[in-house]
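K.L.:
starting from these lines, generate the structure:
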Amino acid sequence: MSLYSSLQQSATLLVLEVHFLVFLLLHVFYQSSSLAMAKSSFQLDHPLERRQAESSRIREKYPDRIPVIVEKAERSDIPDIDKKKYLVPADLTVGQFVYVVRKRIKLGAEKAIFVFVKNTLPPTAAMMSGIYEENKDEDGFLYMTYSGENTFGGGCI
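P.N.:
Presented below is the predicted three-dimensional model:
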């Protein structure tokens, strides 16, 4: 191998490493800004202590149910949902709950809907109880966002 081709190969590797580092930095920035995303309107409308008391009361009264807040993603063109608070059976799958959400927003079968938990698509076969335990907010509610498109790029939990 000549010196020229060796230098060319090294330069190519360096460029690839720089591109990879830029990608990683952008990914970290995106993740940190996503995690520091704006609070839901439910969180803004109700103080933390009140939300904590409500979720505790719900969990005591209905131990087999999960308190879930469902809101539309900010820039989604999908219809608004008529109800934000749900008491979901713990043994319901995410897919079954998505069906409930579809019905509440009266979404046609030809339209896609994506449901996110912390900007991530949960597996449709996952039990809501598992999603709740892994992702519940400090107030005791599970927050889910829906959109008519895969707004956040399709990462999975």
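K.L.:
drop to CA atoms for contacts and neighbour counts, all remaining ones
P.N.:
Noted.
K.L.:
and this protein, what are its domains?
P.N.:
Split into domains by automatic domain parsing, the chain comes to 1-36, 41-147.
K.L.:
lowest average confidence across these, which one?
P.N.:
Comparing mean pLDDT across the domains of the chain, the weakest is domain 1-36, with a mean of 53.
K.L.:
that older thread, and among the domains of the chain, the most buried is which?
P.N.:
Of all the domains of the chain, domain 41-147 carries the top mean neighbour count, a mean of 16, counting by mean count of other C-alpha atoms under 10 Å.
K.L.:
return the distance of that domain from the chain's centre.
P.N.:
How far domain 41-147 lies from its chain's middle: 10 Å, per C-alpha atoms, centre = their mean, to the nearest Å.
K.L.:
for D80, give its distance to G108.
P.N.:
14 Å (C-alpha to C-alpha, to the nearest Å).
K.L.:
which residues of the chain fall in strands?
P.N.:
Remark: strands assigned in the chain by DSSP state E are 65-72, 85-89, 114-116, 142-147.
K.L.:
export those as JSON lines, with columns for distance to P47.
P.N.:
Output for the strands of the chain, formatted as JSON lines (distance: least, C-alpha to C-alpha, whole Å):
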{"stretch": "strand 65-72", "distance to P47": "15"}
{"stretch": "strand 85-89", "distance to P47": "16"}
{"stretch": "strand 114-116", "distance to P47": "23"}
{"stretch": "strand 142-147", "distance to P47": "15"}
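K.L.:
just the endpoints, please. Distance across stretch 133-144?
P.N.:
14 Å.
K.L.:
oh, that last question was meant for stretch 52-72, not what I typed.
P.N.:
22 Å.
K.L.:
same check on stretch 132-142?
P.N.:
Termini of stretch 132-142 sit 6 Å apart (C-alpha to C-alpha).
K.L.:
pull the residues that contact stretch 130-143.
P.N.:
Residues from elsewhere that reach stretch 130-143 (C-alpha atoms under 8 Å, 6 or more residues apart in numbering): 48-49, 51-52, 55-56, 66-71, 117-118, 122.
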